[in-house]
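**Q** with the sequence up front, the predicted model follows.
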2 protein chains.
Amino acid sequence: MKFSKKSEYGLRALLELCETYGGRVLQRHEIAERQNIPVEFLEQILLALKRAGLLASRRGMRGGYALIKSPDDITLGQVIRILDGPLAPISCVSKTAYQKCADCPYAAKAACPLQQAMGEVRDAIANILDHYTLSRFAHTKLAEGSSC
Amino acid sequence: MKFSKKSEYGLRALLELCETYGGRVLQRHEIAERQNIPVEFLEQILLALKRAGLLASRRGMRGGYALIKSPDDITLGQVIRILDGPLAPISCVSKTAYQKCADCPYAAKAACPLQQAMGEVRDAIANILDHYTLSRFAHTKLAEGSSC
DNA sequence: GAAGTTGTCTAGTGAGTTGCTCAAGATTTT
DNA sequence: AAAATCTTGAGCAACTCACTAGACAACTTC
């Protein structure tokens, strides 16, 4: 029940890109250095986010990446789904990638306890992440005493 | 962001064991057949649940497994943690298996946006699963039209 | 007390995923 | 043209997942 490094790095990269939103572009090595992410791996992540329409890029000298959607219009849920796939804890409750489970004896009966429970979990996760905007994410201030 | 087959099988096995709670024991092959689970794999799962104190077992002829805690006192959260480890989506927000993240630049600052967001997710998941008892789980009736 | 039936334990294994690296190419600026 | 940057695709070691196998221990029944 873990999120991948890919998602984690992706979100941390977007944190940097948020700060320069509307301004200059950021190069991969800048993001990588500030956020402690292996450059070549970060590259793949930025590319994925670009293909998904969140980022624009320019090549050559003075090139780099920039956010092209407002941080208000991007949610953590979107980002995680791009980088990690569906949020649902088991695929028979996924709304974005539903798949009938093969071996479940309740599958035919329309009364699967697992589906009920995991559905609730899915909804709770989606409810948080699909309403958590990047701008709120970027302006987080934790309470005193927290440690990461 | 998925639960393992181990958890899924474990929960489905407990569904069977709930039905005979207080009565007879169930043998691994009975559970395996009814729930469509590979026997030897199921074995490991039952053993883990036994070591965790949820199940008792008897060897030899007429042997088998039985629940030894009331289904009211077992939650899905407990079971999943036994079989799958901590619920937290990243380990720096786990309450049962906290680990400082190595590469996060916010780690020292007590203001990690990721920790904040993932903490909310963790709490939401735990809030559902730690209050979802096995007896409620076993008596699930889904609404019409659902499919698993 | 021997035979047969069950759980117990440890180790292994094939397929797939994760996290990351590398190299060659395309595009832009200077 | 040269240098800097993004782009693409391939590769790979380590790990995890889902499962299998086999030897062993304990219990029941005859």
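**A** Structure's in. What do you need? Numbering: from 1, shown residues only, chains lettered A, B, ... in the order given.
**Q** show me where chain A has its helices.
**A** A:5-19, A:28-35, A:39-51, A:76-84, A:113-129, A:134-138 (DSSP state H).
**Q** helices or strands next to the second one in the packing?
**A** Other helices and strands packing on helix A:28-35, by 3 or more Cβ pairs under 8 Å, 6 or more residues apart in numbering or on different chains; DSSP states H and E, are helix A:5-19, helix A:39-51, strand A:64-67. The way it works is simple: take the backbone N, C-alpha and C, and place the C-beta from them, glycine included.
**Q** now do the domain split for chain A, please.
**A** A:5-67, A:76-138 (automatic domain parsing).
**Q** mean pLDDT and mean neighbour count added to those, as JSON lines?
**A** Compiled in JSON lines, the domains of chain A are given as follows (pLDDT from 0 to 100; neighbours: other Cβ atoms under 10 Å in any protein chain shown):
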{"stretch": "domain A:5-67", "mean pLDDT": "97", "mean neighbour count": "17"}
{"stretch": "domain A:76-138", "mean pLDDT": "91", "mean neighbour count": "19"}
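**Q** reformat these as CSV; add distance to B:Leu76.
**A** Formatted as CSV, the domains of chain A follow (distance: least, Cβ to Cβ, whole Å):
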stretch, distance to B:Leu76
domain A:5-67, 24
domain A:76-138, 6
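**Q** minimum distance to B:Asp103: which of the helices of chain A has it?
**A** Judged by Cβ to Cβ, the one of the helices of chain A that comes nearest to B:Asp103 is helix A:28-35, at 8.1 Å.
**Q** related to what we said a few turns ago, distance to DNA strand C for the helices and strands packed on helix A:28-35 - can I get that in JSON lines?
**A** Listed next are the helices and strands packed on helix A:28-35 as JSON lines, based on distance: least, Cβ to the nearest atom of the strand, whole Å:
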{"stretch": "helix A:5-19", "distance to DNA strand C": "4"}
{"stretch": "helix A:39-51", "distance to DNA strand C": "3"}
{"stretch": "strand A:64-67", "distance to DNA strand C": "11"}
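**Q** what does chain A put close to DNA strand C?
**A** Contact residues (Cβ under 7 Å from any atom of the strand) of chain A with DNA strand C: A:4-6, A:9, A:38-41, A:43-44, A:58-63.
**Q** mind running it again at 10 Å?
**A** Contact residues, chain A versus DNA strand C (Cβ under 10 Å from any atom of the strand): A:2-9, A:32, A:36-45, A:57-63, A:83-85.
**Q** show me which of those neighbour DNA strand D.
**A** A:2, A:32, A:39-44, A:57-63.
**Q** and those, which is closest to B:Asp123?
**A** The nearest one, if we look at those relative to B:Asp123 and count by Cβ to Cβ, is A:Lys2, at 16.2 Å.
**Q** contacts only, for the closest one.
**A** B:Met1, B:Pro89, B:Ile90, B:Ser91 (Cβ atoms under 8 Å, 6 or more residues apart in numbering or on different chains).
**Q** wait, which of those is closest to A:Glu16?
**A** Checking these against A:Glu16 by Cβ to Cβ gives B:Ile90 as the nearest, at 18.7 Å.
**Q** could you measure from the residue nearest to that closest one when sequence neighbours are not counted over to B:Cys101?
**A** Of all residues not flanking B:Ile90 in the chain, B:Met118 sits nearest, at 5.1 Å (Cβ to Cβ, 6 or more residues apart in numbering or on different chains). To B:Cys101, B:Met118 is 10 Å away according to Cβ to Cβ, to the nearest Å.
**Q** what is in contact with those two at once?
**A** Joint contacts of B:Met118 and B:Cys101 (Cβ under 8 Å, 6+ apart) are B:Ile90, B:Cys92.
**Q** ok, back up a step: of the helices of chain A, which is nearest B:His131?
**A** helix A:113-129 (10.4 Å).
**Q** now the closest one against helix B:5-19, angle please.
**A** 130 degrees (axes from the mean of the first three to the mean of the last three Cα atoms, to 10 degrees).
**Q** any residue of helix A:113-129 up close to DNA strand D?
**A** No: using Cβ under 10 Å from any atom of the strand, we find that helix A:113-129 stays clear of DNA strand D, coming within 13.8 Å at best.
**Q** so what touches that helix?
**A** Counting by Cβ under 8 Å, 6+ apart, A:75-77, A:80, A:87-90, A:92-95, A:104, A:106, B:1, B:3, B:8, B:11-12, B:15, B:76, B:117, B:120-121, B:124-125, B:127-129, B:132, B:137-138, B:140, B:142, B:146, B:148 sit against helix A:113-129.
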